[in-house]
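S.K.: Just need the structure, nothing else, for what follows:
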Amino acid sequence: MLPLFSLLLAFEAQTQESGDVGCVPSPTASAHVTATDLPEVLGNLQYNILKNTKMKCKHQPQVKELSWGVDLEKNFPKSLCQFDYIMAADVVYYHPFLEELLLTFHHLCNNEDEQTVAEIMRRRFSPAVVTNRPWEGFHFAGHEIKIIEATECYGAVVWPSALVLCHFLETNAKQYSLVDKSVIEIGAGTGLVSIVATLLGAHVTATDLPEVLGNLQYNILKNTKMKCKHQPQVKELSWGVDLEKNFPKSLCQFDYIMAADVVYYHPFLEELLLTFHHLCQDNTVILWAMRFRLDTKNQFMGRFQELFDLEVISNFPSLNIALYKAMRRGKKMT
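M.R.: Model prediction:
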């Protein structure tokens with residue numbers, strides 16, 4: 001990407017009664033500017049831009065033909081044309097090319113969401129040979145991770161939110177260093193997030209319901225034994241049940257609580273909220289990936305924000321997944 005602001009202007013010349021042109025793209029912000037329009041406009045556009053910018057700007061602007069929706073990849077290849085800003089004035093009115101205009105906006109926008117999602121999904125691989133037990137493979141934290149799934153159990157399948165969280169942990173390992181940190185994952189399912197956190201150096205406690213623990217234990221042991229600094233634990237946790245007995249606050253002080261896809265249509269949202277509240281202490285950071293499945297009538301997010309300060313740290317519209325960071329209300333988030 002260009003080091004300074006790059007701008008693409010969809011430039012519509014406004015002719016006044018005198019015949020003068022009333023709009024000239026400004027390079028005063030030291031931007032690299034590409035001004036575009038239809039072929040019949042380019043001569044006058046070029047004249048005005050040259051007349052008003054020559055010897056006055058840091059980067060001489062370019063003028064280029066752009067017919068909306070036509071030969072976009074040929075004339076503006078995504079691999080080369082990465083713009084920081086797209087600017088347009090009065091391009092939407094009664095004309096028959098609104099669909100082509102929309103295609104042009106979509107093509108020229110640098111869609112980091114799609115690029116990141118593609119990178120995340122490339123971390124997944126399938127076995128070359130069919131085996132008796134179905135499994136999926138993943139590349140995270142410099143390791144090949146093989147996960148056994150149990151399709152008869154909702155909690156024993158790797159959901160996309162888990163991949164999003166794993167990718168975040170790996171690519172933000174400096175800012176969110178897990179080395180020697182205490183981490184608990186709630187709703188660990190197949191254990192992928194707990195495995196990645198373990199491989200990144202954390203003390204991990206992976207938790208879920210009793211019927212999930214056998215498969216969870218198998219996956220974690222298989223993928224972390226002799227590969228990690230701290231051997232992870234697997235522990236039963238039924239949300240809202242015997243929290244102080246099984247996870248006493250005086251002993252269980254976690255640096256991070258992690259969760260992926262724990263909020264959906266189930267009758268235990270209040271118990272989930274109680275569990276977050278019990279496990280989270282003043283300096284605990286919650287990292288939580290969620291696929292939006294809730295309707296506007298669901299009160300979970302509102303109730304959550306009564307107890308925690310919440311911010312979105314990554315958003316993936318194409319997956320309908322957001323990654324959140326949260327801390328107890330009133331505690332400064334860094």
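S.K.: Which residue ranges make up each domain of the chain?
M.R.: 6-110, 117-328 (automatic domain parsing).
S.K.: chain center to the shortest one, what's the gap?
M.R.: Between the mean C-alpha point of domain 6-110 and the mean C-alpha point of its chain there is a distance of 31 Å (C-alpha atoms, centre = their mean, to the nearest Å).
S.K.: same thing with stretch 183-190?
M.R.: With C-alpha atoms, centre = their mean, you get 20 Å for stretch 183-190.
S.K.: L80: neighbour count?
M.R.: L80 is flanked by 6 other residues according to other C-beta atoms under 10 Å. In short, each C-beta sits where N, CA and C put it, glycine included.
S.K.: Put the alpha carbons of stretch 268-275 into CSV.
M.R.: Extracted in CSV, the C-alpha atoms of stretch 268-275 (Å, rounded to 0.1, in the frame of the first residue of the first chain):
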residue,chain,number,x,y,z
PHE,A,268,-28.6,-21.1,29.8
LEU,A,269,-27.6,-17.5,28.9
GLU,A,270,-28.2,-16.2,32.4
GLU,A,271,-26.0,-19.0,33.8
LEU,A,272,-23.4,-18.1,31.2
LEU,A,273,-23.4,-14.5,32.4
LEU,A,274,-23.1,-15.7,36.0
THR,A,275,-20.1,-17.8,35.0
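S.K.: Same question for that stretch: list its buried residues.
M.R.: Buried residues in stretch 268-275, counted by 16 or more other C-beta atoms under 10 Å: L269, L272, L273, L274, T275.
S.K.: just these now: which is nearest A118?
M.R.: L272 (31.3 Å; C-beta to C-beta).
S.K.: Check whether the closest one really touches W239, as I assumed.
M.R.: Yes - L272 lies in contact with W239 (C-beta atoms under 8 Å); the separation is 4.9 Å.
S.K.: which residues do those two both contact?
M.R.: I186 (C-beta atoms under 8 Å, 6 or more residues apart in numbering).
S.K.: State the distance from L213 to A156.
M.R.: 10 Å (C-beta to C-beta, to the nearest Å).
S.K.: Looking at these two, which has the bigger crowd around it?
M.R.: Neighbours per residue (other C-beta under 10 Å) separate L213 from A156, with A156 holding more: 21 against 17.
S.K.: Low-confidence stretches in this structure?
M.R.: In the predicted model of the chain, residues 1-29, 110-112, 151-155, 293-298, 331-334 satisfy pLDDT under 70.
S.K.: Tell me where the stretch 51-200 of the chain has helices.
M.R.: Secondary structure of the stretch 51-200 of the chain, counting by DSSP state H, counting those that start in this stretch: helices at 72-75, 98-108, 112-121, 160-171, 192-199.
S.K.: show me what contacts R291?
M.R.: R291 sits next to W159, P160, S161, D261, Y264, L319, N320, I321 when contact means C-beta under 8 Å, 6+ apart.
S.K.: Give the closest residue to it in space, chain neighbours not counted.
M.R.: I321 (4.9 Å; C-beta to C-beta, 6 or more residues apart in numbering).
S.K.: From V183, how far off is that neighbour?
M.R.: 21 Å.
S.K.: Help me confirm that P127 comes into contact with W135.
M.R.: Yes - counting by C-beta under 8 Å, W135 is a contact partner of P127 at 6.3 Å.
S.K.: what about those two, which has more around it?
M.R.: Counting neighbours by other C-beta under 10 Å for P127 and for W135 shows that W135 has the greater number, 17 against 11.
S.K.: what's the distance between the more buried one and K54?
M.R.: From W135 across to K54, the span is 64 Å (C-beta to C-beta).
S.K.: same thing with L274?
M.R.: Remark: distance between L274 and K54 (C-beta to C-beta) = 68 Å.
S.K.: H107 too?
M.R.: For H107, the distance to K54 (C-beta to C-beta) stands at 31 Å.
S.K.: Closest one to Q253 out of the buried residues of stretch 268-275, please.
M.R.: Closest to Q253, out of all of the buried residues of stretch 268-275 and judged by C-beta to C-beta, is T275, at 15.6 Å.
S.K.: ok but that closest one is inside a strand, no?
M.R.: No - under DSSP: H, G, I helix; E, B strand; the rest coil, T275 sits outside any strand and is assigned helix.
S.K.: wait, doesn't it sit right on L237?
M.R.: Yes - the pair T275 / L237 is scored as a contact, 7.2 Å apart, by C-beta under 8 Å.
S.K.: Spit out the residues that contact the two alike.
M.R.: Jointly contacting T275 and L237 under the rule C-beta under 8 Å, 6+ apart are I186.
S.K.: Please name every helix or strand in contact with the helix or strand harbouring D309.
M.R.: Using DSSP states H and E, D309 falls within strand 308-316. Contact partners of strand 308-316 among helices and strands, from 3 or more C-beta pairs under 8 Å, 6 or more residues apart in numbering; DSSP states H and E: helix 112-121, helix 160-171, strand 321-328.
S.K.: Please consider this matter closed, and thank you.
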